[in-house]
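Peer 1: mind looking at a prediction? Sequence and model below.
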Amino acid sequence: MRLLILLATLQMAAFATTAQTIKGSVFNDKKEAIANATVSILNAKDSSLIRSSISNINGQFNIMLTSVNPIIVGVSAIGYQTQHKLIIDSLQILFVLISVPKQLQTVVVSSKKPMIDVKPDRIVFNVENSINAIGNTGFDLLRKSPGVVIDNNDNISLLGNGVAIFIDGKPSPLTGKELADFLRTIQSTDIEAIELIKNPSAKYDAAGTGGI
């Protein structure tokens with residue numbers, strides 16, 4: 001059974017976190033900002049995925065981590081060559097992506113969904129298309145999703161706000177540690193995608209999320 005985990009932010013006070021923030025910018029060789037570039041934070045030891053995010057309209061990204069040493073930051077965008085940087089102690093990173101030659105763009109054809117898909121009302125983390133998802137649980141993948149922060153007490157926030165969790169379109173009655181323990185029982189092979197919604201519509205309020 002494929003599961004869809006959906007987060008809808010609630011208007012709650014953000015809980016405290018001790019995470020550090022890695023900031024960066026993504027531009028092309030013409031000094032133009034690249035929006036919606038996929039930013040991946042990898043463990044420098046085994047290249048496993050730690051967190052992911054996307055650049056905003058100004059080409060900027062912010063990623064919160066509990067530890068920053070050492071990591072590899074990878075940035076990819078359609079029409080540009082993927083770039084990786086080993087980060088030891090820097091929290092501010094600049095990426096200048098090089099355009100892929102046009103002749104190569106016309107040859108490469110793929111129907112595979114991107115790992116991170118930016119839609120008008122949500123960000124979709126396509127778990128099925130992430131090699132690094134293998135062997136992880138739903139809780140692990142949620143921690144790696146763009147904008148998601150989980151504190152030491154297993155409280156989940158999205159962009160600094162509390163969240164409501166939906167599984168297969170139905171709100172989960174669990175919270176805190178009980179919710180975290182349940183998500184740890186779900187294997188990555190059972191998850192199709194994780195959808196992150198910053199401003200949920202009224203239908204989620206009707207489903208019992210409240211505070212929208």
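Peer 2: Nice, thanks for sending it over.
Peer 1: looking at the longest helix along the chain now, give me its mean pLDDT.
Peer 2: Longest helix in the chain by number of residues (criterion: DSSP state H): helix 176-184. Averaging pLDDT along helix 176-184 yields 92.
Peer 1: can you list the buried residues in it?
Peer 2: For helix 176-184, the neighbour count (16 or more other CB atoms under 10 Å) marks 179, 180, 183 as buried. All C-beta spots, glycine's among them, are computed from the backbone N, C-alpha and C.
Peer 1: quick check: the nearest residue to residue 177 once chain neighbours are set aside vs residue 101, distance?
Peer 2: Leaving aside its sequence neighbours, residue 177 sits nearest to residue 154 (CB to CB, 6 or more residues apart in numbering; 5.1 Å). Distance, residue 154 to residue 101, using CB to CB, to the nearest Å: 47 Å.
Peer 1: and the helix or strand harbouring residue 141, what does it pack onto?
Peer 2: Here residue 141, judged by DSSP states H and E, is contained in helix 138-144. Using 3 or more CB pairs under 8 Å, 6 or more residues apart in numbering; DSSP states H and E, the elements in contact with helix 138-144 are strand 3-9, strand 49-54, strand 148-150, helix 176-184, strand 191-197.
Peer 1: just the C-alpha atoms of that helix, please, in CSV.
Peer 2: Output in CSV follows, covering the C-alpha atoms of helix 138-144 (Å, rounded to 0.1, in the frame of the first residue of the first chain):
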residue,chain,number,x,y,z
GLY,A,138,8.5,7.7,7.2
PHE,A,139,10.0,9.6,10.1
ASP,A,140,13.5,9.7,8.6
LEU,A,141,12.1,11.0,5.3
LEU,A,142,10.0,13.6,7.0
ARG,A,143,13.1,14.9,8.7
LYS,A,144,14.8,15.2,5.3
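Peer 1: so what touches that helix?
Peer 2: Residues from elsewhere that reach helix 138-144 (CB atoms under 8 Å, 6 or more residues apart in numbering): 3, 5, 49-52, 125, 127, 132-133, 136, 148, 150, 156, 180, 183-188, 190-191, 194.
Peer 1: can I see the domain layout of the protein?
Peer 2: 3-16+111-206, 20-105 (automatic domain parsing).
Peer 1: and those, which one averages the lowest pLDDT?
Peer 2: Here the lowest mean pLDDT among these goes to domain 3-16+111-206, at a mean of 79.
Peer 1: distance between the strand or helix carrying residue 39 and the chain's centre?
Peer 2: Assigned by DSSP H and E, residue 39 falls within strand 38-43. On the basis of CA atoms, centre = their mean, to the nearest Å, strand 38-43 sits 9 Å off its chain's mean C-alpha point.
Peer 1: what does stretch 56-74 give?
Peer 2: The answer for stretch 56-74 is 11 Å, by CA atoms, centre = their mean.
Peer 1: buried stuff in it?
Peer 2: The neighbour-count check on stretch 56-74 (16+ other CB under 10 Å) flags 59, 61, 63, 64, 65, 68, 71, 72, 73, 74 as buried.
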